[in-house]
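Participant: Provided below for reference: sequence and predicted model.
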Amino acid sequence: MKLAKLFGIALVVLSLAAPALAQQAAGGQPDQIAQLAEMVGLSEDQQKEIRSILDSMQGEIGTLREEARALQEQMQKEIKAEYDEDAIRGYGDDLGDVTGEIATLSALMQARVDSVFTQEQRDELEKRMQKMRQQMQQQSQ
């Protein structure tokens, strides 16, 4: 898979994950999985499968993010005149492990969502992501 395609899928998955679940729960705005379904023509089964993937992994990723936040707070508390270098290094090592696991789970989630798409849907998504990148580049110029 090309890097650009992976980047596009990553953007879609990351933008879908938390907001889509929150919107579903709140009964608010149209959920982004439905919008993605319209964009690339996902079937009902594909939508259900993507929702299942996101539901199953978001909880674990959320828990790890909370753990990372707590480790960062602990490390910040060690920043003082009488600091403990071993404690700071320990928190840093633990934080690295947690953020590595978050990155791994996020990549797995993206790969699992990508496996739900047909090749035609991947191509359409890539086309739309390329168009978005071009628009972003034009706006930044």
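Facilitator: Sure, I can see it. The structure presented is a predicted model; accordingly, all values stated were derived computationally and were not measured.

Participant: can we go C-alpha only for contacts and neighbour counts from here?
Facilitator: Will do.

Participant: run through the chain and note the low-pLDDT ranges.
Facilitator: 1-30 (pLDDT under 70).

Participant: longest single helix anywhere in this protein?
Facilitator: helix 44-77 (DSSP state H).

Participant: which parts of the next helix or strand after that one are buried?
Facilitator: Sequence-wise, the next helix or strand downstream of helix 44-77 (DSSP states H and E) is helix 85-116. Buried residues in helix 85-116, counted by 16 or more other Cα atoms under 10 Å: 88, 91-92, 94-95, 98-99, 102, 105-106, 109-110, 113-114, 116.

Participant: distance of residue 128 from residue 36?
Facilitator: 11 Å (Cα to Cα, to the nearest Å).

Participant: same check, this time on residue 88
Facilitator: Residue 88 is 43 Å from residue 36, by Cα to Cα.

Participant: what does residue 124 give?
Facilitator: In this view, residue 124 and residue 36 are 11 Å apart by Cα to Cα.

Participant: over to residue 136?
Facilitator: In terms of Cα to Cα, residue 136 sits 20 Å off from residue 36.

Participant: what about these two, which has more around it?
Facilitator: For residue 136 and residue 36, the more surrounded residue by other Cα atoms under 10 Å is residue 36, and the numbers stand at 15 against 11.

Participant: which residues touch the more buried one?
Facilitator: residue 42 (Cα atoms under 8 Å, 6 or more residues apart in numbering).

Participant: output the contacting helices and strands for the strand or helix carrying residue 137.
Facilitator: In the assignment (DSSP H and E), residue 137 maps to helix 119-140. The contact analysis (3 or more Cα pairs under 8 Å, 6 or more residues apart in numbering; DSSP states H and E) places helix 119-140 against helix 3-26, helix 32-40.

Participant: cool, thanks, signing off.
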